[in-house]
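[1] 3D, please:
(2 chains)
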Amino acid sequence: MKLIVNCETGEVIERELNKEEKDQQKIDQIAFDLEQKAKEAEAEAKAAKKAALLERLGITQEEANLLLG
Amino acid sequence: MAKQTFTTGQVLTAAQMTSLQQTAMGGGSATAKTTSYVLVAADAGTTVAMNAAGSTTITVNTGLFSAGDTVFIQNWGAGTCTITAGTATVSTHGSLALSQYEGGQLYFTSSSAAIFFDISQTTGMTNPMTTTGDTIYSSSGSTPARLGIGSTGQVLTVAGGVPSWATPASGGGMTLISEQTASGNTAINFTSISSSYKQLLLVYSGLYQSTADGAYVLRLNNSSSSVYVDQGQLIDGTSASTDYATRTCIGDDIIGFRNSSTTLYNTSSGFVIIDNYSSSTKVKTYSANARYFDNNASAKRAYIYTGFFNDTTAVTSVDIVRRSGTGTLNNLTNTSIRLYGIS
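    Numbers count the residues shown, from 1 in each chain, chains lettered A, B, ... in the order given. This is a model prediction of the structure:
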């Protein structure tokens, strides 16, 4: 349900989303999913780079944290 | 007693001494005149009283009095008694027209000139006040005017060069435009926002979702265009990162992302300030501070964003919108979403 507040009159109405709003939600959802996939891919790539670097240095994550701390 | 010329060896009686004393003290017995009267030499040092129902005059002529002579003039009657300069000159700061019970002293500076010292209560400014709280001001030069008391809360100001009471302009405060509570909503729109404020402030607390899968964002004018340009700091648990982007909403899911906890400190809360929102020529600056618990990731998240609504259109609506998931938005008991206007 959508809550619409008319700040000029104080009138408050609650109604179901109309078609245009539902379509916008679908667009938002698609954009959100793409954004999340991009974020996940970026996080995975970052983790992979990190793991490769740790392996090349021959240290664990905890040891790396100690070095950086 | 009239002015006397004493001679050597003259003996004064007790009655004469008493009369002399009365005259010296500004009094002295007087037989009131009932018609217009012309002062005579024997009036020097005496009291001349007028008691008539109609208008009368007391005329002052030259050659009768010496410098230093005085005549105390009183009007007992209802008719106005006017001291009239006959052949002598009569000056005064007050009025020569004496109403009932008014009077004054006529003092001769020479045989042909006198000054009337008006000691009437109405001498000087006529009191224009009529009501409790009235004040007096000069409407022009030395002309007094009444300023009636203003209303409660009014302040004294100047308009057109004279003082007046006016209601002070509102300013420097916050006005609660609307307060709402979410209950199973997927969107909350504050619309038709007045342009009379300088800034808008949205404050929310206690928001949670029915299921931990929704992403709620804040938009202006319900715009889903990529016009939100901001940079933020995300504190995720104990680690922090920066976040810069051009987005379709203010910040990154600042109203809540997958937060379904109904424990108060885990709910979504924060505030957003939007500056210059009513401008139709400039982009708008916003600043957001938000926090919530991501139940899905079991992580406490906090955001600080500052950015721009890169649109010159005046903002007339502030919109909370779900852009992902199925969870609906709710307020815990005793929490709400409030929109303020800052003057």
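
[2] which one's the longest helix in chain A?
    For chain A, the helix with the greatest residue count under DSSP state H is helix A:19-57.

[3] name the residues of that helix that are buried.
    For helix A:19-57, the neighbour count (16 or more other CB atoms under 10 Å in any protein chain shown) marks A:Glu21, A:Gln24, A:Gln25, A:Asp28, A:Ala31, A:Phe32, A:Glu35 as buried. C-beta coordinates here come from the backbone N, C-alpha and C atoms, glycine included.

[4] now for the worst-scoring helix or strand of chain A on mean pLDDT, which elements pack on it?
    Of the helices and strands making up chain A, the lowest-confidence element is helix A:61-68, at a mean of 88, by mean pLDDT, DSSP states H and E. Applying 3 or more CB pairs under 8 Å, 6 or more residues apart in numbering or on different chains; DSSP states H and E, one finds that helix A:61-68 makes contact with helix A:19-57.

[5] switch to 7 Å and redo it
    With contacts defined as 3 or more CB pairs under 7 Å, 6 or more residues apart in numbering or on different chains; DSSP states H and E, helix A:61-68 has no helix or strand neighbours.

[6] and the pLDDT at the residue nearest to the spatial centre of chain A?
    With distances taken as CA atoms, centre = their mean, A:Gln36 lies nearest the centre of chain A, 4.8 Å away. pLDDT, A:Gln36: 89.

[7] circling back: packing partners of the longest helix of chain A?
    With contacts taken as 3+ CB pairs under 7 Å, 6+ apart, helix A:19-57 sits against strand B:318-324.

[8] can you give me the angle the strand it packs on makes with helix A:19-57?
    Strand B:318-324 runs at 60 degrees relative to helix A:19-57, counting by axes from the mean of the first three to the mean of the last three CA atoms, to 10 degrees.

[9] just give me how far whichever helix or strand comes after strand B:318-324 sits from the chain centre.
    Sequence-wise, the next helix or strand downstream of strand B:318-324 (DSSP states H and E) is strand B:329-331. Relative to its chain's centre, strand B:329-331 lies at 44 Å (CA atoms, centre = their mean, to the nearest Å).

[10] and what of stretch B:128-139?
    Offset of stretch B:128-139 from its chain centre (CA atoms, centre = their mean): 16 Å.

[11] return that stretch as CSV; C-alpha atoms alone will do.
    Taking C-alpha atoms only, stretch B:128-139 is exported to CSV below (Å, rounded to 0.1, in the frame of the first residue of the first chain):
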residue,chain,number,x,y,z
PRO,B,128,-4.3,61.1,24.4
MET,B,129,-4.3,57.7,26.2
THR,B,130,-7.6,56.0,26.6
THR,B,131,-6.9,52.3,27.3
THR,B,132,-4.6,50.2,29.4
GLY,B,133,-1.4,49.6,27.6
ASP,B,134,-1.6,52.7,25.4
THR,B,135,1.6,54.6,24.7
ILE,B,136,2.2,58.1,23.5
TYR,B,137,4.4,59.1,20.6
SER,B,138,4.9,62.2,18.4
SER,B,139,2.9,62.0,15.3
